[in-house]
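Engineer: Structure, please.
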Amino acid sequence: MENLIISLNAVLPLLLSMGVGYFVRLRKWVDDAFVTKCNAFTFKVFMGFLLFSNLYTADLSSFSAIKMILFAVIAETGVFFASFFGIRRFFQEGGTRAVLTQAIFRGNYVIFGIPIATSIYGEGNVGEAALLAAVCVPLFNVFAVIVMEYYSPSKKGMKSLFRGLLTNPAIVGVSAALVVLLLKIPIPTAVEKTITDLSRVSTPLSLVLLGASFRFRSLRSNVKPLLVGLGGKIILFPMLILPTAILLGFRGLDLLCLVIMFASPTAVTSYTMASAYGYDGELAGQLVVFGSILATFTIFLWIFVLKSFSMI
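Structural biologist: The predicted structure follows:
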């Protein structure tokens, strides 16, 4: 019963926060334009403070994260290539291929990972989760641009990719925290409190905005791609990768980080990028919406089972 309660407490706040966002949308207090702009604002302003705060308060001397991060990068690269070539066997239209490939490898780790890790291990004990975010977010972006450009009839070039990586809030936040920690730069109490306060805005606001983006339109024409995309992202690859991680000896926070990275739903930004490239935005949005709902339950099951066997 204790493990059940811990698992529920880890994921229910996510679902309830998304429910608030969906309620706000039903009341028509927000519209698409607001949600889109606020998503970008939240990511650019608050996400860096969140990652900085989580890493700055962590004990770097106890890190065993290098092995976990290396495994995550190798596994994510495998997911990318498997989804890229696998989707090509089942779908012919380039736009559908791009949307589905991105949906399978690009997870919503930042929004789901740190709050769940914090819920189980407490604030100040999830530095590995912040480090993994700094690695996986740029990796997701690189793979996403490659897919979008590959299927795009008008190639846009890669110059903006490198500029985006250097200014990515995840990279900036983690890099700043590492500099402060390694150089032992003292932070005034007022500044530290401000950073902490701002970092606490990111997660709840992101979840509310995710709920506000939910759409339940006609699904008949997208049944097959939805089943393939959701099945690959939430069921197939987690079932292949996570048992492998367990066999390799990953436990505790390292294993939890891998669970969230590979079992989390498709990232909200995948919808934005698909739409910007002129691909099937409706399908991309449905993959985000239904993936977010289903992943809440599948992540709960992963946490409950692993907690029951004392692996996390």
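Engineer: Can you tell me the SS state at residue 28?
Structural biologist: coil (DSSP: H, G, I helix; E, B strand; the rest coil).
Engineer: separation between it and residue 270?
Structural biologist: Per CB to CB, to the nearest Å, residue 28 is found 26 Å from residue 270. All C-beta spots, glycine's among them, are computed from the backbone N, C-alpha and C.
Engineer: try residue 85
Structural biologist: Separation of residue 85 from residue 270 (CB to CB) stands at 19 Å.
Engineer: The stretch 201-312 of the chain: helices as residue ranges?
Structural biologist: Secondary structure of the stretch 201-312 of the chain by DSSP state H, counting those that start in this stretch: the helices cover 223-230, 237-247, 252-263, 268-276, 281-308.
Engineer: now the stretch 1-150 of the chain
Structural biologist: According to DSSP H, counting those that start in this stretch, the helices that the stretch 1-150 of the chain contains are 2-26, 32-56, 65-90, 94-105, 109-121, 127-151.
Engineer: looking only at pLDDT, what's the mean for the fifth one?
Structural biologist: Yep, that's helix 109-121 we're talking about. For helix 109-121, mean pLDDT is 83.
Engineer: From the contact count, pick out the helices and strands touching that helix.
Structural biologist: helix 2-26, helix 32-56, helix 127-151, helix 189-212, helix 252-263, helix 281-308 (3 or more CB pairs under 8 Å, 6 or more residues apart in numbering; DSSP states H and E).
Engineer: Which strands and helices lie in contact with the first one?
Structural biologist: In other words, helix 2-26. Judged by 3+ CB pairs under 8 Å, 6+ apart, helix 2-26 is in contact with helix 109-121, helix 189-212, helix 281-308.
Engineer: again, 10 Å this time
Structural biologist: Applying 3 or more CB pairs under 10 Å, 6 or more residues apart in numbering; DSSP states H and E, one finds that helix 2-26 makes contact with helix 32-56, helix 109-121, helix 189-212, helix 281-308.
Engineer: now the shortest one
Structural biologist: In terms of contact count using 3+ CB pairs under 10 Å, 6+ apart, helix 252-263 is assigned the packing partners helix 65-90, helix 109-121, helix 127-151, helix 237-247, helix 281-308.
Engineer: and among those, the most buried is which?
Structural biologist: Mean neighbour count, computed with mean count of other CB atoms under 10 Å, is highest for helix 109-121 among those, reaching a mean of 24.
Engineer: CA atoms only for that helix - export them in PDB, please.
Structural biologist: Extracted as PDB, the C-alpha positions of helix 109-121 are listed here (Å, rounded to 0.1, in the frame of the first residue of the first chain):
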ATOM      1  CA  TYR A 109      11.200  14.700 -20.200                       C
ATOM      2  CA  VAL A 110      11.700  18.200 -18.700                       C
ATOM      3  CA  ILE A 111       8.100  18.700 -17.800                       C
ATOM      4  CA  PHE A 112       7.600  15.200 -16.400                       C
ATOM      5  CA  GLY A 113      11.000  14.200 -15.200                       C
ATOM      6  CA  ILE A 114      12.000  16.700 -12.600                       C
ATOM      7  CA  PRO A 115       8.700  17.000 -10.800                       C
ATOM      8  CA  ILE A 116       8.300  13.200 -10.500                       C
ATOM      9  CA  ALA A 117      12.000  12.800  -9.400                       C
ATOM     10  CA  THR A 118      11.500  15.600  -6.800                       C
ATOM     11  CA  SER A 119       8.200  14.000  -5.600                       C
ATOM     12  CA  ILE A 120      10.000  10.800  -4.800                       C
ATOM     13  CA  TYR A 121      13.500  11.900  -3.800                       C
END
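Engineer: quick one: it to helix 32-56, angle?
Structural biologist: The directions of helix 109-121 and helix 32-56 differ by 50 degrees, with axes from the mean of the first three to the mean of the last three CA atoms, to 10 degrees as the criterion.
Engineer: Any idea how far helix 109-121 is from the middle of the chain?
Structural biologist: Relative to the chain's own centre, helix 109-121 is displaced by 10 Å; criterion: CA atoms, centre = their mean, to the nearest Å.
Engineer: Then stretch 22-42?
Structural biologist: On CA atoms, centre = their mean, the centre of stretch 22-42 falls 19 Å from the chain's centre.
Engineer: What are the buried residues along that stretch?
Structural biologist: Residues of stretch 22-42 classed as buried by neighbour count (16 or more other CB atoms under 10 Å): 22, 24-25, 30, 35-36, 38-39, 42.
Engineer: ok, residues contacting that stretch?
Structural biologist: 21, 50, 111, 169, 201-206, 208-216, 268-269, 271-272, 275, 289, 293 (CB atoms under 10 Å, 6 or more residues apart in numbering).
Engineer: at 7 Å what do you get?
Structural biologist: With contact meaning CB atoms under 7 Å, 6 or more residues apart in numbering, stretch 22-42 is reached by 202, 205-206, 209, 211-214, 268.
Engineer: among those residues, which ones are buried?
Structural biologist: Neighbour counting by 16+ other CB under 10 Å classes 202, 205-206, 209, 211-214, 268 among the contacts of stretch 22-42 as buried.
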